[in-house]
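K.L.:
Fold the following, please.
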Amino acid sequence: MKRLRSERPEPEFTVSMRTHWNGKDEGELRERVAAFGKVGVQHVMVHPVNRDIDDWDEVIEGVGRVAARAS
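P.N.:
Numbering: from 1, shown residues only. This next block holds a predicted model:
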């Protein structure tokens with residue numbers, strides 16, 4: 001991140017990260033997002049580990065709960 005920010009210091013350059021999550025442990029996701037934030041990641045895209053619709057719904061709902069608590 002230090003090297004990236006030294007090369008792209010402008011505030012409009014957004015750093016994002018993609019991560020996989022199974023939707024089971026919201027604490028794990030909160031910790032992961034917090035760790036990304038500590039190093040300067042501004043946006044996190046959470047991708048379901050599995051492609052089953054039930055897994056997708058569980059991940060999306062969990063992400064929504066984690067985001068609501070973070071704001």
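
K.L.:
Mind picking out the helix or strand in the protein with the poorest mean pLDDT?
P.N.:
Using mean pLDDT, DSSP states H and E, the weakest-scoring helix or strand in the chain turns out to be helix 53-70, at a mean of 86.

K.L.:
I'd guess residue 20 is in a strand, am I close?
P.N.:
Yes - counting by DSSP: H, G, I helix; E, B strand; the rest coil, one finds residue 20 located in a strand.

K.L.:
That one pairs with what?
P.N.:
Beta-bridge pairing for residue 20 (DSSP bridges): residue 47.

K.L.:
Could you check how many residues crowd around it?
P.N.:
10 (other Cβ atoms under 10 Å). No exception for glycine: its C-beta is placed from N, CA and C like everyone else's.

K.L.:
list the contacts for it?
P.N.:
Taking Cβ atoms under 8 Å, 6 or more residues apart in numbering as the criterion, residue 20 is in contact with 46-49.

K.L.:
Distance of residue 20 relative to residue 3?
P.N.:
25 Å (Cβ to Cβ, to the nearest Å).

K.L.:
Run the chain-centre distance for stretch 35-51.
P.N.:
Going by Cα atoms, centre = their mean, to the nearest Å, the spacing between the C-alpha centre of stretch 35-51 and its chain's C-alpha centre is 2 Å.

K.L.:
Which positions within that stretch qualify as buried?
P.N.:
Within stretch 35-51, the residues scored as buried using 16 or more other Cβ atoms under 10 Å are 36, 41, 44, 46, 48.

K.L.:
what are the C-alpha coordinates of it, in PDB please?
P.N.:
What follows is stretch 35-51, C-alpha atoms only, in PDB (Å, rounded to 0.1, in the frame of the first residue of the first chain):
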ATOM      1  CA  ALA A  35      -7.600  -5.100   8.600                       C
ATOM      2  CA  PHE A  36      -8.100  -4.000   5.000                       C
ATOM      3  CA  GLY A  37      -9.100  -0.500   6.300                       C
ATOM      4  CA  LYS A  38      -6.000  -0.300   8.500                       C
ATOM      5  CA  VAL A  39      -3.700  -0.700   5.500                       C
ATOM      6  CA  GLY A  40      -5.700   1.900   3.400                       C
ATOM      7  CA  VAL A  41      -8.200  -0.200   1.500                       C
ATOM      8  CA  GLN A  42     -11.300   2.000   1.000                       C
ATOM      9  CA  HIS A  43     -13.800  -0.400  -0.600                       C
ATOM     10  CA  VAL A  44     -14.200  -4.100  -0.200                       C
ATOM     11  CA  MET A  45     -16.200  -6.300  -2.500                       C
ATOM     12  CA  VAL A  46     -17.300  -9.500  -0.800                       C
ATOM     13  CA  HIS A  47     -17.800 -12.500  -3.100                       C
ATOM     14  CA  PRO A  48     -19.600 -15.700  -1.900                       C
ATOM     15  CA  VAL A  49     -17.400 -18.800  -1.600                       C
ATOM     16  CA  ASN A  50     -20.100 -21.000  -3.100                       C
ATOM     17  CA  ARG A  51     -22.400 -20.300  -6.000                       C
END
